[in-house]
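Colleague: next comes the sequence, and after it the predicted model I'd like to discuss.
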Amino acid sequence: MSRFLQAAAYGVVQGGLLGLVAVGFSLVWGVMNVVNFSHGALAVAGAYVAWILNVRFGLDPFLAIPVVAVALFAFGYVVQRGLINLVINAPIFLTLLLTFGLNLVILNGLQLLFKADDRTIDTSYASQSFAIGAVNVPYGRLAACFLALGITVALALLMSRTRLGHAIGATGMDRGAARLMGIRARHIYAVTFGIAAALAGVAGTMIATVGSFNPTTTPGQLTLDAFVISVLGGLGNMYGALVGGLVLGIAESLGGLLLTGTWVNAIAMAVLIITLIIRPSGLIGKALYGGRVEV
Amino acid sequence: MAEILRGRARSRQGLFREWIRTRTPANSWPALVGLAVFVAMLGLQQLIEPGTQRLLTSVFLFVALAQAWNIIGGYTGYASFGQVAFFGLGAYTVAVLMNSYHVSFWAALPVAVVVGVVFAVAIGVPLLRLRGHYFAIATLGAAEGAREVINNLTSVTGGGGGITIPTFGTDAPTPYFGKPGFYLAFLVLAAVSVALATVLARSRFGYSMVAVHEDEDAAGAIGINTTVVKVVAFGVSAAIVACAGAFYAFQQIEFYPTDVFDASFTVLMVIMVVIGGSGSVGGPLVGAVGLQLLSQFLRVNLGSFNQLIFGAIIVLVVVFFPQGVVIYVRDAWRTRHFSVLDNVRRYRL
């Protein structure tokens, strides 16, 4: 029984983190109809920024988060404004292809700069944990999970309470009408992508703190997880991404306990496909941009 | 199938006479050029060294794969990101049959194609109801799932430990083709897939696919059974890919699930078609030949920078020729309007 509780607790803290990875991905997909293949690469880029700050200046990863967020926001803004906006009206697989090319450039750039080694950001608290009954909860993972929760709530508030959030939502629902209302769609799209990139960078920093990362396998895994979570949660739905992350995190850790080999991956894919067929708008509520016709 | 291709029933003889009667230079040049290229490639084989022969063999493989993706992704407009599932299933069918049951390759090949088509129909019927990104993600998931199933059925497939096809000695059900043999095999495969795509594109069924691509609801309204069109297009595409996978398995002799279910096969198919020009026969051909030669050139000359440059080239081509190189050249030639900058404005926000 305690093994189950331990696995479930691990699944919850891991799921929160995965949710943070997926929030930005889901936002970009929901608002701009762009599936960002380079999302995992952006997360790893953020992890490297925090890693350098930690190794060179001894900065704590949690304190490095603002720097990472600003750097990645700037990068994301420029990429969207200068590249993705150029093909935003093209058929879907063109944007997929563009972000795939971008993914190759970022990953191989990182690999040339930092080698393909596994890296981790060392902190004094990441390996320590406290016990609730028989369940061990590591401090680092718990803090990362709470941070993910906080950021998701903050983003949801931004989307629902501020002018910027309303502009992003409006552009996502009907770009033509939004532009007639005086919203600068190019700028709004760039800001949206910048926010997504910043969130990816923060998530990458957290992953580097509680685990390890490398430029070859981590990005692909993160992008795939973000795919599954976004679909589970419904596109552009912040809380949906969080719930999707928790579902995936718990399913993976419990599945790892119950199933042998890599069957758990097959189960995750089955869940994804069944969700798509039965409930394409996601598990909770209705999708924010569900009314839009996809072309 | 024949019914769909032909449109309405006619006697075979009458059809052939009409086909002969309607031949003109304008409509027979693709066949003649194709034949000439095929013969030229056969002649070229005698001249080139083994390294170049291997490179061209991989070019032929990708021509076939790109043509196959173009049928479902280009003509029908359903961007499948799971085509590699059929490749892997074809490869594993052949390998398991040859390894465990000592079936000859030529008997295993049709079985592989059937397995690919059956899987395509099985996942196609539910998944082809999804549109846009949803279909892309669902097929991606289906391919990942297929890989994991093969990976975990250790008793049948050997699982993650890989599988080996017996190719030498008395144990071998079919003697190994060798480099010249595979050059020929993949050349024929590429030629057949190009020919199939050409015929399909000009048939009634081809126009149905384009109609589904342009506006699925309108296509349904004028009496096209869109479900049948989509599933058949998916099945034809899967058949070519599974066939390519079968030949690839025999060529590789030994492989792992991660090799033949590698998602980069799918991504390469998509890139080649889109960069060449989707929804045309020439596009995938140009894309596959150009990109495969380019990536080999970069690998030889740029060392560790090759992937970086490859990615940058993809980004630039997507931005400058979003409709594909072949279609850009065709339209530019027709309209005498060659400005690349106007082309960039095409899909800009």
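Modeller: Great, that's in hand. Numbers count the residues shown, from 1 in each chain, chains lettered A, B, ... in the order given.

Colleague: leaving out the residues flanking it, which one is nearest to A:G46?
Modeller: Using C-beta to C-beta, 6 or more residues apart in numbering or on different chains and skipping residues adjacent in sequence, the residue nearest A:G46 is A:G201, 2.4 Å away. For every residue, glycine as well, the C-beta is placed using N, CA and C.

Colleague: need the per-residue pLDDT for the one you found.
Modeller: On pLDDT, A:G201 comes in at 95.

Colleague: which SSE is it in?
Modeller: A:G201 belongs to helix A:185-210 when elements are defined using DSSP states H and E.

Colleague: next, the angle from the helix or strand following that helix to helix A:185-210.
Modeller: Note on helix A:185-210: by DSSP H and E, the next helix or strand toward the C-terminus is helix A:218-233. Orientation check (axes from the mean of the first three to the mean of the last three C-alpha atoms, to 10 degrees): helix A:218-233 against helix A:185-210 gives 110 degrees.

Colleague: helices or strands next to helix A:218-233 in the packing?
Modeller: Here helix A:218-233 touches helix A:2-32, helix A:39-57, helix A:92-114, helix A:185-210, helix A:238-258, helix A:263-278, helix B:132-152, going by 3 or more C-beta pairs under 8 Å, 6 or more residues apart in numbering or on different chains; DSSP states H and E.

Colleague: for the ones you listed, give me a markdown table that also has distance to B:V267 and mean neighbour count.
Modeller: Shown next, in a markdown table, are the helices and strands packed on helix A:218-233 (distance: least, C-beta to C-beta, whole Å; neighbours: other C-beta atoms under 10 Å in any protein chain shown):
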| stretch | distance to B:V267 | mean neighbour count |
| --- | --- | --- |
| helix A:2-32 | 18 | 24 |
| helix A:39-57 | 14 | 23 |
| helix A:92-114 | 6 | 22 |
| helix A:185-210 | 21 | 26 |
| helix A:238-258 | 23 | 22 |
| helix A:263-278 | 18 | 18 |
| helix B:132-152 | 10 | 23 |
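
Colleague: quick one: closest of those helices to B:S304.
Modeller: For those, the distance to B:S304 is smallest for helix A:92-114, at 6.4 Å, taking C-beta to C-beta.

Colleague: pLDDT averaged over the closest one - what is it?
Modeller: Here the average pLDDT along helix A:92-114 is 89.

Colleague: okay, and for the chain, where does confidence drop off?
Modeller: No chain specified, so I'll use chain A. A:261, A:280-295 (pLDDT under 70).

Colleague: not quite, go with chain B.
Modeller: B:1-11.

Colleague: got the contact list for B:P25?
Modeller: If you count contacts by C-beta atoms under 8 Å, 6 or more residues apart in numbering or on different chains, B:P25 has none.

Colleague: chain B contacts on the stretch 151-295 of chain A?
Modeller: Counting by C-beta under 8 Å from any C-beta of the partner chain, the residues of the stretch 151-295 of chain A close to chain B are A:185-186, A:189, A:224, A:227-228, A:231, A:260-263, A:265-266, A:269-270, A:272-273, A:276-277, A:280, A:294-295.

Colleague: same thing but 10 Å
Modeller: Residues of the stretch 151-295 of chain A lying near chain B by C-beta under 10 Å from any C-beta of the partner chain: A:175, A:179, A:185-186, A:189-190, A:220, A:224, A:227-228, A:230-231, A:235, A:259-278, A:280, A:293-295.

Colleague: list the contacts of the residue of chain A found nearest chain B.
Modeller: With C-beta to the nearest C-beta as the measure, A:L104 is the residue of chain A nearest to chain B, at 2.8 Å. Counting by C-beta atoms under 10 Å, 6 or more residues apart in numbering or on different chains, A:L104 makes contact with A:37-38, A:41, B:267, B:307-315.

Colleague: just those residues now: which is nearest B:A239?
Modeller: Nearest to B:A239 among the contacts of A:L104, with distances taken as C-beta to C-beta, is B:V267, at 21.0 Å.

Colleague: next, the buried residues of the strand or helix carrying the closest one.
Modeller: According to DSSP H and E, B:V267 maps onto helix B:263-276. For helix B:263-276, the neighbour count (16 or more other C-beta atoms under 10 Å in any protein chain shown) marks B:263, B:265-276 as buried.

Colleague: pull the contacting residues for A:I278.
Modeller: Per C-beta under 10 Å, 6+ apart, neighbours of A:I278: B:P126.

Colleague: dump the helices and strands packed on helix A:218-233 into TSV; add distance to A:T162 as well.
Modeller: Formatted as TSV, those follow (distance: least, C-beta to C-beta, whole Å):
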stretch	distance to A:T162
helix A:2-32	14
helix A:39-57	24
helix A:92-114	27
helix A:185-210	12
helix A:238-258	14
helix A:263-278	31
helix B:132-152	28
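
Colleague: quick one: which of those helices is nearest B:P166?
Modeller: Nearest to B:P166, of those and by C-beta to C-beta, is helix B:132-152 at 19.6 Å.

Colleague: show me what the closest one is packed up against.
Modeller: In terms of contacts (3 or more C-beta pairs under 10 Å, 6 or more residues apart in numbering or on different chains; DSSP states H and E), helix B:132-152 is packed against helix A:92-114, helix A:218-233, helix A:263-278, helix B:84-100, helix B:105-127, helix B:154-157, helix B:257-260, helix B:263-276.
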